[in-house]
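J.: Pasting a predicted model and its sequence here:
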Amino acid sequence: MAALDPKRFSQVGFIVKDIDEARENFAKLFGCEVPPANPCGSPAAKTVYKGEPAPDAKSKLAFFNLVPGVQLELIEPNEEMSTWREYLNEKGEGIHHIAINVDNTEEAVKACEALGMKVVQRGFYDDESGQYTYLDGGNIFKCVIELLESFNK
């Protein structure tokens, strides 16, 4: 049995230094309108990074809807430590994660941990409609694996 359902693949997350420049460049590439960049990381997010509260870890996000159900997410992190800032500091700009929608985060985390991954960051959407969990897929998958659970089912 698969740890995650490949039919629920939903996103590729890309870390950038300058979200405005990246949005314009990807809009030109895809021949579409430039999506808005929105701040992320309100107190409702309850961000936890490497097991410690990280209330000041924030970012700007922009989303390109590529095909039904699949997005390219651009992430410009602030200077506070987070998985996003760590990636930018250590590797520069590039693909940070792939995301899969799940119905039960804790079950999915256990399945991923059984494959050798560890949770590095988790939090809630700013509007509290769901949660995200980042697992370090480093040596195994060469990127972070993100689990997305919506509470609006």
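T.: Everything's here; your move. Numbering: from 1, shown residues only.
J.: which other residues reach the least confident helix or strand in the chain by mean pLDDT?
T.: In the chain, no helix or strand scores lower on mean pLDDT, DSSP states H and E than helix 138-141, which sits at a mean of 86. Helix 138-141 has contacts (CB atoms under 8 Å, 6 or more residues apart in numbering) with 115-117. Yep, even glycine has a C-beta here, placed from its N, CA and C like the rest.
J.: Which parts of this structure are helices?
T.: All helices of the chain, identified by DSSP state H, fall at 19-30, 83-91, 105-113, 138-141.
J.: avg pLDDT for the second one?
T.: In this model, helix 83-91 has an average pLDDT of 96.
J.: Can you tell me what sits against stretch 65-78?
T.: Stretch 65-78 is contacted by residues 9-19, 22-23, 26, 30, 37, 41, 56-64, 84-85, 88, 96, 99 when judged by CB under 8 Å, 6+ apart.
J.: Just the buried residues from these, in PyMOL please.
T.: Buried members of the contacts of stretch 65-78, defined by 16 or more other CB atoms under 10 Å, are picked up in PyMOL with:
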select buried, resi 11+12+13+14+15+16+19+22+23+26+37+41+57+58+59+60+61+62+64+84+85+88+96+99
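J.: Show me where this protein has its strands.
T.: Secondary structure of the chain (DSSP state E): strands located at 9-15, 38-40, 48-49, 52-53, 59-67, 70-77, 94-101, 118-124, 130-136, 144-150.
J.: Could you list the alpha-carbon positions for stretch 38-45 in CSV?
T.: Extracted C-alpha coordinates of stretch 38-45, given in CSV (Å, rounded to 0.1, in the frame of the first residue of the first chain):
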residue,chain,number,x,y,z
ASN,A,38,-0.3,37.5,-0.2
PRO,A,39,1.2,37.5,3.2
CYS,A,40,1.1,34.3,5.2
GLY,A,41,1.9,33.6,8.8
SER,A,42,-0.8,35.1,11.0
PRO,A,43,-0.9,34.1,14.7
ALA,A,44,-3.7,31.6,13.6
ALA,A,45,-1.0,29.7,11.7
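J.: Isn't residue 26 up against residue 33?
T.: No. With contact defined as CB atoms under 8 Å, residue 26 does not reach residue 33; the gap is 11.0 Å.
J.: could you list every residue that touches residue 105?
T.: Neighbours of residue 105 in contact, by CB under 8 Å, 6+ apart: 131, 133, 147, 149.
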